[in-house]
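Visitor: I would like to see how this sequence folds:
(one chain, ligands or ions: 3)
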Amino acid sequence: MMHLGRWTTGPVTMWKGVMVAMWLACALPALAETLSIDGDSGQFRLNDRIEYRLDGTRPLEQVVQQEPWQAKSDDRVLNLGFTDQSVWIRTSLTIPGPLRQQWFLVIPYPLLEEVDLFILPNGQLPASYHTSREKTENQRKQAHSYEVALPLPRDLSGQVTLVLRASSATSLQVPVELWSEDRLLNHFSRESLYWGIYFGILAAMATYNLFLFLSIRDSAYGYYVLYIGSISLLMLCISGAGSAWIWSGEPLLTRYALPTSTALVSLFAVMFARSFLKWEEISYRWERSLGITAGLAGILIVYTWLDPTNGALFAGLLGTLVIVLVISVGLAALRDGVASARYFVLAWAAFAVGAALYLLSVFNLLPVNALTNHAMQAGSAAEVLLLSFALAHRIKDERARKLAALQRHQLAENQIRDLEIQSLEQAMHDPVTNLPNTSMLNQQLQTVISREQTVALVLVHYPQVKDIASSMGRHLAEEMFCQLTKKLNHTLAMLGGAICLETRQPAYIAIPEFGSAAFIVELEHLKGRLRPYVEQVVGHHEVSFHTVRLPVLMNLHCGVAIFPEHGDSTEILYQHASAARDSSAASKVPVQVYSEDISGFARRRLELLTALPSAIEAGELELYLQPQMTDMGRELVGAEVLLRWHSPRFGPVPPWEIIEIAENSGLMDLLSRYVVAQSWRTMQALRERHLDITCSINLSVQNLTDRHFIPDALEGIREHGIPMDRVIFEVTETSMMHNMESVIGSLLLIADSGCRIALDDFGTGYSSLAYLSRLPIHELKIDRCFISQMCSNRNDLEIVKNTLKLARTLNLESVAEGVEDQSTVAKLDELGCHRLQGYLFAKPMPVDEFCRWALRQTADESAGKGR
Ligand code: C2E
Ligand code: CA
Ligand code: CA
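Guide: Ligands and ions are numbered 1, 2, ... in the order given. This next block holds a predicted model:
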């Protein structure tokens, strides 16, 4: 039987402090009540039976004599907060007989550094028994103790007073309990189990992540391991396991280890957060905060060794700050979409809850109980596990990120490859027809040349394609050109004999430029029938316009050069095939095979070109006049001015050739200025001979697009005193459609001046009626090709009829050129054509001859009228 009584001395002064409460599991009996310990739990709490005074520096003798003591009647744990003072506590017991088993005075708060126990029989000095924490731990008579457990003498009986002195480097809490040996051993083994599990988890996580760190060398793992190390140290202090197992007998070590480990925890928590939460958009503010906090923690580690009491307080405050900071950074990362931050925040939240519960109990704001005692332990275990999970998740994340980057890289590479293929395709193909271009043709030509195969290079040119593009739009011309090339390719595929340039979409032709095509023919298979073969291939050149739905026959020039006969390189073959093609254009023979003559032709072209400017200067070029008649060819009304060049060196050069050379070499302005200047002189001469007729002067499109040419020409007319309405400018239908914007300005200038405009070669171009009605033209000149056979060809007759009808509708004069026989005159008169021009009346003549002819004509005419 043990009787517990209450000391009834007066109130004890409370020195200072913050209090933590601890509810005891069982209520203790009231004052002076006798308690039976038979069948009890072997544990008594004396928290409501103690008196205390914060007077630890005084010796026991003084303290016992002195009053007042602070009485404590509630069940809470005596909590004096952070203080470096010692506290004296006393309580009295009545023990009726000797104790049957060993009892201990237990203070279940391991952070006390020094504890002394004195037993005073009947509350009187001197003490009959004295022991201390250091002494018991050094003697190690009982099991390893997580708490401070001081053995009571076995022979204790009667009225005794227990006087305790305790001090702590941290919060001074002194729960006072009596435990039987069984209870103590039970408790120790249970705590050993808990802490064993706890440290086991930490050790496992630390080991695992240490290996990860050693293999990956990612600092996050290193800091995590260091963090586990420092939290282990902290928990060893808090739990008492450190002093029980590791530094037993050195209770002072806890004083330093506790604040230091707290600061270390802060340091490594921040360092870990810094390397774990590395995301791209992390703000400078967060980075700096983490950096500063780490610095503070570092300083604090040193400081705690100098002043552990204040150091512990600061370390606690810094720890709180660190928890808030890392959770905030984690939340910021989460907001920026860092997936692994989820576990990071969760881990720190778990730790924060655990630490908060524990710290609140330390600061006496929550009761001390099993939950608050182990909250930190549970929270940090959960944290360590979650952080480990976060690290594992980060590996997964990183792998996913690397995989995504790899995929992006691959995608980019594919795109580049596609682009390369595409640009290679483009480099080898014509954009309009998608057929091979000259590069591919050259490659093939090179190959067959190197194999010494006998082949012919054929170049085909469709001159109308470009005209159509200018007059009726590029789109239509492209459509037509595609039709043409498709047909050509198809014909070559059907006939065989041509070399396939591309097998993917069997292509036999290449496109050197818009409006031209080229192909290579193997001569071995043709057995010398090259020309008929080429004629057969290019003969199918009828295309139909989508819009008009009319079949149109396309003119073409075709040049052929043979390997090895005409050249042994691609360049020479090209050059010679081009020369043959140009000669085809000049000679109106559709297919020209290269020969020495053609080479002579090309050479002559070059020589003509060089000779032309000086010939113009020298006045070698002459103007001829061809009469224009009305009234069935009886009355002379005008003349067309036509250019002639009788070169002493080249002989007569045909006007179309002069024009072609001038147009292609930029000499057109010089030539036309020469022609108009000569024309005005001629007209003056005619007027002097009383030949009051119109003169038609041919202009080239280059004259119309030049902004100065027409104003200068009109100025010339005025200077020569020629009536404006006697001058007719002839412009060809196709040239009119070129650069409509700049051409129309010149046309309007002519029309405004009172001069007239004739649309030459009408019917051979593709002028739209809509344009025609808007142009300031005065006459239509029906082309010679329709007139010459209109009496024998029904088609031509229809065209002439329709053209004349159109001229009437648009209120235009009509001129027929190429009138060579009387029946045509009769027919044209019947159809109402205004003027006639042709060899029937006269060929173009030099001016003097024309004058004589004209005077003879007028004489005849007046004679005719007179008859
Ligand atoms: P064009 O303007 O169509 O001229 C009419 C052409 O038809 C002239 O050829 C003329 O001699 C020819 N001709 C006239 N009546 C008949 C006929 O009954 N039968 C045949 N077979 N032919 C006839 P030419 O003089 O050889 O001129 C050819 C082209 O050269 C002209 O065609 C014109 O486009 C151009 N041309 C001539 N002189 C000049 C000039 O001074 N400036 C410009 N820009 N071009 C000119
Ligand atoms: Ca003409
Ligand atoms: Ca004409």
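Visitor: For the rest of this, base every contact and every neighbour count on C-alpha atoms.
Guide: Fine.
Visitor: how does this protein divide into domains?
Guide: Listed by automatic domain parsing, the domain ranges of the chain are 3-187, 218-402, 438-594, 613-762+773-850.
Visitor: can you tell which of the ones you listed is closest to ligand 1?
Guide: Closest to ligand 1 of the domains of the chain, according to Cα to the nearest ligand atom: domain 613-762+773-850, at 3.3 Å.
Visitor: what about the closest residue to Asn47 other than its chain neighbours, distance to His461?
Guide: Spatially, and ignoring its direct neighbours in sequence, Asn47 is nearest to Asp75 (5.4 Å; Cα to Cα, 6 or more residues apart in numbering). Counting by Cα to Cα, to the nearest Å, the separation of Asp75 from His461 is 115 Å.
Visitor: what about those two, which has more around it?
Guide: Between Asp75 and His461, counted using other Cα atoms under 10 Å, the more crowded position is His461 (24 against 20).
Visitor: need the contact list for that one.
Guide: Neighbouring residues of His461 by Cα atoms under 8 Å, 6 or more residues apart in numbering: Gly515, Ser516, Ala517, Leu556, His557, Cys558, Arg581.
Visitor: Report the beta-bridge partners for the second one.
Guide: If I follow you right, that is Ser516. Ser516 has these beta-bridge partners by DSSP bridges: His461.
Visitor: can you count the residues close to it?
Guide: Ser516 has 19 neighbouring residues, counting by other Cα under 10 Å.
Visitor: Just confirm it contacts Lys466, I think it does.
Guide: No. With contact defined as Cα atoms under 8 Å, Ser516 does not reach Lys466; the gap is 10.0 Å.
Visitor: check which helix or strand covers Leu172.
Guide: Element membership for Leu172, per DSSP states H and E: strand 171-174.
Visitor: For whichever helix or strand comes after that strand, output the C-alpha coordinates as PDB.
Guide: Next in sequence after strand 171-174, counting helices and strands by DSSP H and E, comes strand 177-180. C-alpha atoms of strand 177-180 as PDB (Å, rounded to 0.1, in the frame of the first residue of the first chain):
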ATOM      1  CA  GLU A 177       5.200  10.800 -12.300                       C
ATOM      2  CA  LEU A 178       5.800   7.700 -10.200                       C
ATOM      3  CA  TRP A 179       6.300   4.500 -12.300                       C
ATOM      4  CA  SER A 180       6.700   1.000 -11.200                       C
END
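Visitor: quick one: contacts of strand 177-180?
Guide: The contact list for strand 177-180 (Cα under 8 Å, 6+ apart) reads 42-47, 101-108.
Visitor: Could you list which of those residues also contact ligand 1?
Guide: Among the contacts of strand 177-180, proximity to ligand 1 is found for none (Cα under 6 Å from any ligand atom).
Visitor: And the furthest pair within these?
Guide: Asn47 and Gln101 (22.7 Å; Cα to Cα).
Visitor: Which one of those two is surrounded by more residues?
Guide: Neighbour count, other Cα under 10 Å: between Asn47 and Gln101, Asn47 has more, with 24 against 10.
Visitor: so how far is Val819 from that one?
Guide: Distance, Asn47 to Val819, by Cα to Cα: 142 Å.
Visitor: Repeat that for Leu359.
Guide: In terms of Cα to Cα, Leu359 sits 122 Å off from Val819.
Visitor: ok, these two, which is more surrounded?
Guide: Val819 (23 against 20).
Visitor: Glu730 belongs to a strand?
Guide: Yes. According to DSSP: H, G, I helix; E, B strand; the rest coil, Glu730 belongs to a strand.
Visitor: List the contacts of it.
Guide: Counting by Cα under 8 Å, 6+ apart, Glu730 has contacts Ser696, Ile697, Asn698, Leu699, Ile757, Ala758, Leu759, Asp760.
Visitor: redo that, cut-off 10 Å
Guide: Contact analysis of Glu730 by Cα atoms under 10 Å, 6 or more residues apart in numbering lists 640-641, 695-700, 756-761, 777, 779-781.
Visitor: which stretch of helix or strand covers Gly379?
Guide: Per DSSP H and E: Gly379 is located in helix 370-428.
Visitor: now that helix, how far from the chain's geometric center?
Guide: Centroid separation between helix 370-428 and its chain, computed with Cα atoms, centre = their mean, to the nearest Å, is 21 Å.
Visitor: partner residues bridging the residue lying closest to Pro846 once chain neighbours are set aside?
Guide: Leaving aside its chain neighbours, Pro846 sits nearest to Tyr624 (4.5 Å; criterion: Cα to Cα, 6+ apart). For Tyr624, the beta-bridge partners are Leu642, Pro846 (DSSP bridges).
Visitor: correct me, but Tyr624 touches Lys843?
Guide: Yes. In this structure, Tyr624 is within contact of Lys843 by Cα atoms under 10 Å, at 9.2 Å.
Visitor: picking that back up, TSV for the domains of the chain, including distance to Leu606?
Guide: Converted to TSV, the domains of the chain look like this (distance: least, Cα to Cα, whole Å):
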stretch	distance to Leu606
domain 3-187	111
domain 218-402	68
domain 438-594	12
domain 613-762+773-850	9
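Visitor: Dump those domains to a markdown table, plus mean pLDDT.
Guide: Shown next, in a markdown table, are those (pLDDT from 0 to 100):
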| stretch | mean pLDDT |
| --- | --- |
| domain 3-187 | 71 |
| domain 218-402 | 87 |
| domain 438-594 | 86 |
| domain 613-762+773-850 | 92 |
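Visitor: my guess is Glu565 meets Ala456, correct?
Guide: Yes. When contacts are counted by Cα under 10 Å, Glu565 is listed as touching Ala456 (9.4 Å).
Visitor: on that earlier part again, would you check that the residue nearest to Asn47 makes contact with Asp48?
Guide: Yes. Look at Asp75 against Asp48 with Cα under 10 Å: they come within range, at 4.8 Å.
Visitor: Leu164 in helix, strand or coil?
Guide: When classified by three-state DSSP, Leu164 comes out as strand.
Visitor: so what's it up against?
Guide: Applying Cα under 10 Å, 6+ apart to Leu164 gives the contacts 52, 56, 60, 86-91, 105, 115-119, 130-132, 174, 176.
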